[in-house]
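Engineer: Task: produce atomic coordinates for the following.
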Amino acid sequence: IWQSKAKTFLDGAINNLWSPAGASMLDWLHTEKGLSDDTIKQTMLGYTIDVICCPRATWGLETALNDNGTERRQWIPSGLVIPCIDGDMVHRLRIRRDNPGDDSRYIVVSGSSPSAMIIGKDKGAAVIVESELDALLLSQEVGDLVNVIALGSAQAKPDRETDALLKAMPIILNCLDTDDAGAKASWKFWPETYGDKV
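Structural biologist: Numbering: from 1, shown residues only. All right, here's what the predicted structure looks like:
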């Protein structure tokens, strides 16, 4: 059920991005993120205009309660839709919110996989970044030279598949953000786990 809903949602979001309603978001992807039309299309970026708030069961998810005892809903805010897709399976839907206020800029749609976004698996080096959008730009520009892995945050650790790929790499280029969280992860976990290849 989740796959069916996710694919239908993503199809609509892709159509929105290439419609007049998505023109400003498309322009932002070009000018601020440096992404080409080909990259945007190939990676199936989309744009959701309406906020979705529906019972979790409609997405095939189990009932869950909030801290106050009310039933948790499947909530999807408006914004840029960044999918993580492998073959014909949607692994994750992340939304970059238009107007988050004091809340989180990024929301992962409930039911999504926490696995990393991996672009390429057959190159001689891997580049680690936090943001999927950074990963898409790197892949666009140097994807013929390196595998690109987006973890989603500096605190995220490689899952089994990502760990196996990294252990097979002779070189790992650590490009996590330069904030405190990124620096802490860069200078502790990665060298301790993958040694002098980082």
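Engineer: Neighbours of N15, how many?
Structural biologist: N15: 13 surrounding residues under other C-beta atoms under 10 Å. Any C-beta I mention is one placed from the backbone N, CA and C, and that applies to glycine too.
Engineer: and what of S112?
Structural biologist: Other residues close to S112 by other C-beta under 10 Å number 17.
Engineer: Not counting its neighbours along the chain, what's nearest it?
Structural biologist: Distance criterion C-beta to C-beta, 6 or more residues apart in numbering; nearest residue to S112, sequence neighbours excluded, is R92 at 3.9 Å.
Engineer: Likewise for D98?
Structural biologist: Leaving out its chain neighbours, the residue that sits closest to D98 by C-beta to C-beta, 6+ apart is G79, at 4.8 Å.
Engineer: measure that neighbour to R105 for me?
Structural biologist: For G79, the distance to R105 equals 9 Å [C-beta to C-beta, to the nearest Å].
Engineer: what residues do the two have in common as contacts?
Structural biologist: Counting by C-beta atoms under 8 Å, 6 or more residues apart in numbering, the shared contacts of G79 and R105 are R96, R97.
Engineer: Work out the gap between the longest helix anywhere in the chain and the centre of the chain.
Structural biologist: Criterion DSSP state H: the longest helix present in the chain is helix 2-17. From the chain centre to the centre of helix 2-17 is a distance of 15 Å (C-alpha atoms, centre = their mean, to the nearest Å).
Engineer: Point out the other helices and strands that that helix packs with.
Structural biologist: With contacts taken as 3 or more C-beta pairs under 8 Å, 6 or more residues apart in numbering; DSSP states H and E, helix 2-17 sits against strand 46-48, strand 79-86, strand 89-97.
Engineer: name the helices or strands packed onto the shortest one?
Structural biologist: Judged by 3+ C-beta pairs under 8 Å, 6+ apart, strand 46-48 is in contact with helix 2-17, strand 79-86.
Engineer: Return the helix or strand in the chain with minimum mean pLDDT.
Structural biologist: helix 180-187 (a mean of 67; mean pLDDT, DSSP states H and E).
Engineer: Show the subsequent helix or strand relative to it.
Structural biologist: Remark: after helix 180-187, the chain's next helix or strand is helix 189-194, criterion DSSP states H and E.
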